[in-house]
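Peer 1: Give me the fold of what follows.
(one chain, ligands or ions: 1)
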Amino acid sequence: MNQRERLRAALAALERDHLRRMRRDNERPCSPRVCIDGREFVAFCSNDYLGLAGEPELAEALAEGAHRWGVGSGASHIVSGHYTVQHELERRLANFVGRERALVFSTGFMANSGIVPALAGRGDAIFADKLNHASLIDGVLLSRAASHRYPHLDMAALASQLRASSAAVKLIVSDAVFSMDGDLAPLAELMALAERFDAWLLIDDAHGFGVLGPQGRGSLAAAGLPAAAREGWRLIQVGTLSKAAGVSGAFVAGEADVIEWLMQKTRSYIFTTGSPPALAHALLTSLDLIEAGDARRAHLAMLIARLGGGLAQKRWQLLPSRTPIQPLVIGDNAAALAVGEALMQAGLWVPAIRPPTVPAGSARLRISLSAAHTPTDVDRLVAALNRLEETW
Ligand SMILES: Cc1ncc(COP(=O)(O)O)c(C=O)c1O
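Peer 2: Have a look, this model is predicted:
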């Protein structure tokens, strides 16, 4: 077999094992109301938790930003592709999450996969939750540091790995809200271990920023850490601007010297064209909407409670999640796919997530709620799932 034949056989194996990923082309802007091949669905798939991606005010801000700033940035941020509007966005973001400085990246994947190797390298040690996002996992691989993965949320295992390590530089990395389970990392315990074992702590709050904490300031603001820990050099936090913020990009925030170091050393920041300044212009409006978004967050909380209260959960169980990520565990791969397909027939789009993305035997529907959903949308989903569960 030559290389191409090998690749084609591998693609065929993906198809056979139902692991081939498919895209669906939506004919509408991002909102729960989607249209695929002329058919309408209510979608429970997006990370647009506050419903800002389709917000007219934000579209206006982006158009205004394009008129004011043009389209491209022209160069890397550290050459000539950095603009006052981006400086202002970083200042606002740092202030919003209560840190000295922030640095904006083009995507969350670039932020995470670049920051980890900027903090730890050969001879150092990284300690990572086993369910961390792929971007953090890739960052660990790129770093060439020794990798220690601890069982999900297992602080005792993390403590014993830290205790056994003699590395001079130690880095703990964790999602704040885990993207497939919707559960929360024990941030206070992670911080206490980082202090006890003199480690950096990198927290990826991709799914908490804009949703959790007062005015949506994120998981760390919600965790009630003492100010000294929240503001100290040891804690480095990432937030995405592509999920609740409804636009695109990400930021890292922390103590000024640490952010300066990351700007000097993060390859995915340095060796790429700066993000369009018009996006920063739009993101300033997005931040205003997040900050003033208590009504959106209250509506979202009501929808989460309505889903949990409505589902019969006789055989299919919701995982214990307080976030808009509400996974309903079906168990069997084929059953999860078939339930997803049956929902599609009913005009409801909920993605089925299977191993290897989630552990074997825990195939699930990843229900994702948004403030753009109506109570009626959730009631339709609840009724369809309860009916399917009854007759499955
Ligand atoms: C936990 C987590 N971190 C980082 C990312 C990457 O962010 P972005 O989509 O902005 O690249 C994602 C999802 O995409 C995520 O779920």
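Peer 1: And the residue of the protein closest to the ligand?
Peer 2: For the chain and the ligand, the shortest gap (CB to the nearest ligand atom) falls at G108, measuring 2.3 Å. Where C-beta positions appear, they are placed from N, C-alpha and C, glycine not excepted.
Peer 1: distance of that residue from L62?
Peer 2: 19 Å (CB to CB, to the nearest Å).
Peer 1: And the two? Which one has more around it.
Peer 2: More crowded of G108 and L62, by other CB atoms under 10 Å: G108, with 25 against 19.
Peer 1: Quick one: residues contacting that one.
Peer 2: For G108, the contacting residues are S135, D204, A206, V238, T240, S242, G249, A250, by CB atoms under 8 Å, 6 or more residues apart in numbering.
Peer 1: So which bits of the stretch 201-350 of the chain are right by the ligand?
Peer 2: The stretch 201-350 of the chain has residues D204, A206, H207, T240, S242, A250 near the ligand, with proximity defined as CB under 6 Å from any ligand atom.
Peer 1: related to what we said a few turns ago, who wins on neighbours among the contacts of G108?
Peer 2: D204 (33 neighbours).
Peer 1: And the strands in the stretch 151-300 of the chain, which stretches?
Peer 2: 170-175, 200-204, 235-240, 250-254 (DSSP state E, counting those that start in this stretch).
Peer 1: and those strands as a markdown table, adding mean pLDDT?
Peer 2: Listed next are the strands of the stretch 151-300 of the chain as a markdown table, based on pLDDT from 0 to 100:
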| stretch | mean pLDDT |
| --- | --- |
| strand 170-175 | 98 |
| strand 200-204 | 98 |
| strand 235-240 | 98 |
| strand 250-254 | 98 |
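Peer 1: Any chance of those in a markdown table with distance to D181 as columns?
Peer 2: Shown next, in a markdown table, are these (distance: least, CB to CB, whole Å):
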| stretch | distance to D181 |
| --- | --- |
| strand 170-175 | 9 |
| strand 200-204 | 14 |
| strand 235-240 | 18 |
| strand 250-254 | 21 |
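Peer 1: what about these, which gets the closest to R380?
Peer 2: strand 235-240 (28.9 Å; CB to CB).
Peer 1: which residue is nearest the middle of this protein?
Peer 2: A206 (3.4 Å; CA atoms, centre = their mean).
Peer 1: Mind pulling the model confidence for it?
Peer 2: What the model reports as pLDDT for A206 is 98.
Peer 1: Correct me if wrong: it contacts L212.
Peer 2: No: if you go by CB atoms under 8 Å, A206 and L212 don't touch, sitting 11.6 Å apart.
Peer 1: Give me the common contacts of these two.
Peer 2: Going by CB under 8 Å, 6+ apart, residues that sit against A206 and also against L212 are V177.
Peer 1: quick one: contacts for S73?
Peer 2: G81, H82, Y83, T273, G274, S275, P276, P277.
Peer 1: and the second one, how many neighbours does it have?
Peer 2: Burial of H82 is recorded as 20 neighbouring residues (other CB under 10 Å).
Peer 1: and the gap between the residue lying closest to it once chain neighbours are set aside and S80?
Peer 2: Distances taken as CB to CB, 6 or more residues apart in numbering put G274 closest to H82, at 5.8 Å, once the chain neighbours are dropped. G274 is 9 Å from S80, where distance means CB to CB.
Peer 1: Which residue ranges make up each domain of this structure?
Peer 2: If you go by automatic domain parsing, the domain ranges for the chain are 23-50+294-391, 56-291.
Peer 1: Report the separation between the two terminal residues of the shortest one.
Peer 2: End-to-end distance for domain 23-50+294-391: 30 Å, by CA to CA, to the nearest Å.
Peer 1: go on, the longest one?
Peer 2: End-to-end distance for domain 56-291: 17 Å, by CA to CA.
Peer 1: quick revisit: make CSV from the residues of the stretch 201-350 of the chain next to the ligand and add distance to V382 to it.
Peer 2: Converted to CSV, those look like this (distance: CB to CB, whole Å):
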residue, distance to V382
D204, 31
A206, 27
H207, 23
T240, 29
S242, 28
A250, 33
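Peer 1: circling back to that earlier point, list the contacts of the residue nearest to the centre of the chain.
Peer 2: Here A206 is in contact with G108, H133, D175, A176, V177, S179, V238, G239, T240, K243, A250 (CB under 8 Å, 6+ apart).
Peer 1: cool, and A221?
Peer 2: Here A221 is in contact with V97, G98, L212, G213, P214 (criterion: CB under 8 Å, 6+ apart).
Peer 1: who's in contact with the lowest-mean-pLDDT helix or strand in the chain?
Peer 2: In the chain, the helix or strand scored least confidently by mean pLDDT, DSSP states H and E is helix 227-231, which has a mean of 88. The contact list for helix 227-231 (CB under 8 Å, 6+ apart) reads G98, R99, E100, M191, E195, L220, L235, E255.
Peer 1: change it to 6 Å
Peer 2: M191 (CB atoms under 6 Å, 6 or more residues apart in numbering).
Peer 1: Just the C-alphas of that helix, formatted as CSV.
Peer 2: Only the C-alpha atoms of helix 227-231 are listed here, as CSV (Å, rounded to 0.1, in the frame of the first residue of the first chain):
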residue,chain,number,x,y,z
ALA,A,227,-7.5,38.4,46.6
ALA,A,228,-3.8,37.5,47.1
ALA,A,229,-4.3,34.3,45.2
ARG,A,230,-6.6,35.8,42.5
GLU,A,231,-4.2,38.5,41.7
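Peer 1: If anything else comes up later, I'll come back, but that's it for now.
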